[in-house]
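A.B. asks: for reference, the sequence and a predicted model appear below.
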Amino acid sequence: MKRSGPLVTLLAGLLLGLFLLSLNATTGEKTTASSVQESPSTKASPSPTPTETTPSASPSPSRTAAPTGVYTGRTADDSSAVAISLRDGKAIAYFCDGQNIESWLKGDVKADGSMRLTGKGTTLDATLKGSRQLSGTANVGGGDYAFTIDKTEKSSGLYRANSSVAGAKIEGGWIVLPDGEQVGILRRDGKASAAPEIDPETGAVTVDGEQLTARPVTP
């Protein structure tokens, strides 16, 4: 009985040591597990998806309609008349002093409204001023003639006739001005003279007793 005391004490100490060892092992595992948990604040945020932008289409440049119509008037020195007919970017002009100087010219109208028209040894440069006026210079017969002419209304304009009367070749050109005045030249087999008046409504004209028809000129 005297020896059982120390043995019991030894066993009790051994059990206590085993209990403490088991407790430490359990506590160490929990600590390790908690130490490797990822903190919510350290989680990588997903990269934002770049927003695709579609370039806006450039507006199509507006196209300006080609000028159409007939412009008539007198030169700045009042010696002659000028008529220019425009259509679809083309132009035909007639310069006439009503006696013996005349010239037919033609050419293209540029996008900015300017034009250079040419004929037999003659040139005409002009530019549209808005939609109802043309200004320029004609070089005819070695002389320069400045002009500013306006868009015509009905009955005034540019007319031409080509026919034959009594075996003679007839060529006529007429400019009918806004005030009703007519300036033109009629050629019989190439010989020039002042043109007889035409009816602007119908183009009817009488040449040497025979009625002809002068027609509006368009490019």
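C.D. replies: That came in fine, so what should we check first? Residues are numbered from 1 along each chain as shown.

A.B. asks: in the chain, which helix or strand is least confident?
C.D. replies: helix 4-35 (a mean of 51; mean pLDDT, DSSP states H and E).

A.B. asks: name the residues that touch the following helix or strand past that helix?
C.D. replies: Later in the chain than helix 4-35, the nearest helix or strand by DSSP states H and E is strand 69-74. By C-beta atoms under 8 Å, 6 or more residues apart in numbering, the residues outside strand 69-74 that reach it are 80-86, 133-134, 147-152, 156-158, 175-178, 216-217. Heads up, the C-betas are built off the backbone N, CA and C, glycines and all.

A.B. asks: one more time with 6 Å, if that's ok
C.D. replies: 81, 83-86, 134, 149-152, 156-158, 175, 177 (C-beta atoms under 6 Å, 6 or more residues apart in numbering).

A.B. asks: do stretch 137-151 as well
C.D. replies: The contact list for stretch 137-151 (C-beta under 6 Å, 6+ apart) reads 69, 71-73, 75-76, 82, 95, 101, 103, 122-125, 132-135.

A.B. asks: may I see the buried residues of it?
C.D. replies: For stretch 137-151, the buried set under the neighbour-count rule, 16 or more other C-beta atoms under 10 Å, comprises 138, 140, 145, 147-149, 151.

A.B. asks: end-to-end on stretch 73-87?
C.D. replies: 18 Å (C-alpha to C-alpha, to the nearest Å).

A.B. asks: same check on stretch 151-163?
C.D. replies: Its first and final residues considered, stretch 151-163 spans 29 Å by C-alpha to C-alpha.

A.B. asks: buried sites along that stretch?
C.D. replies: 151-152, 156-161.

A.B. asks: now swap in stretch 97-111 and tell me
C.D. replies: Neighbour-count burial for stretch 97-111, counted by 16+ other C-beta under 10 Å, picks out 97-98, 101-105, 107, 109.
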